[in-house]
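Participant: Here is my input; please provide its structure:
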Amino acid sequence: MKKIFKLSKERLQELQDELEYLKTVREHEVAEQIKEARSFGDLSENSEYDEAKNEQGKLYSRIAEIENILSNYEIIEDAEGSDTVAAGTKVKVKDLSDDSEQTYSIVGSQEANPFELRISDESPFGKALIGAKVGDTVVVDAPAGQFEYKVLEIM
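Facilitator: Residues are numbered from 1 along each chain as shown. Next comes the predicted model:
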């Protein structure tokens, strides 16, 4: 079964733009690098050629990765006004170990960035929050142990 990637409309557009750039501009740049490196002669000891071929491999790998995402995605609609935590919602929680409060956005794995408080719905924290309602206490099973959070608000 293929994995379905959850994307916001903005992330979808970013990936489409990146793919277009890679297939048009970047692919031609790498082809020129290879062509130039070939002109240096003996390919067996030509580090410029090796580097250009490595760059080409990385380029084609990234193109394949983006094409896979774009052929298996689902748009996450902004779930503002929802009474349960889901991908596309923001949720304010209280850490019951120290009474600190924090607001997180629940996003798909392609958009997760813990430093920006964007938590993947597939992470242990995201999985624990999905389906919770205001007032619920959720337990997060993490490698460092179990943590409890209380859902204060869903936005």
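Participant: Start from the N-terminal end of this protein and give the strands.
Facilitator: 5-7, 73-75, 90-95, 101-107, 118-120, 137-142, 145-154 (DSSP state E).
Participant: Can you say which of the ones you listed is nearest to Glu55?
Facilitator: Distance to Glu55, taken as C-beta to C-beta, is lowest for strand 5-7 among those, at 25.7 Å. Where C-beta positions appear, they are placed from N, C-alpha and C, glycine not excepted.
Participant: Go through that closest one and flag the buried ones.
Facilitator: Using 16 or more other C-beta atoms under 10 Å as the test for burial, strand 5-7 gives Phe5, Lys6, Leu7.
Participant: Can you list the strands that that strand pairs with?
Facilitator: strand 73-75 (parallel) (DSSP bridges).
Participant: Which of the buried residues of strand 5-7 sits closest to Asp98?
Facilitator: Checking the buried residues of strand 5-7 against Asp98 with C-beta to C-beta, the nearest one is Lys6 at 30.7 Å.
Participant: quick one: the closest one and Ala112 touch, right?
Facilitator: No. In this structure Lys6 lies outside contact range of Ala112 using C-beta atoms under 8 Å: 10.2 Å.
Participant: Leaving out sequence neighbours, find the closest residue to Glu148.
Facilitator: With sequence-adjacent residues excluded and distances taken as C-beta to C-beta, 6 or more residues apart in numbering, Glu148 is closest to Leu96, at 4.3 Å.
Participant: Can you spell out the domain ranges of this protein, please?
Facilitator: Per automatic domain parsing, the domain ranges recorded for the chain read 5-75, 90-154.
Participant: Deepest in the core, which of the ones you listed is it.
Facilitator: Of the domains of the chain, the one with the most neighbours on average (mean count of other C-beta atoms under 10 Å) is domain 90-154, at a mean of 15.
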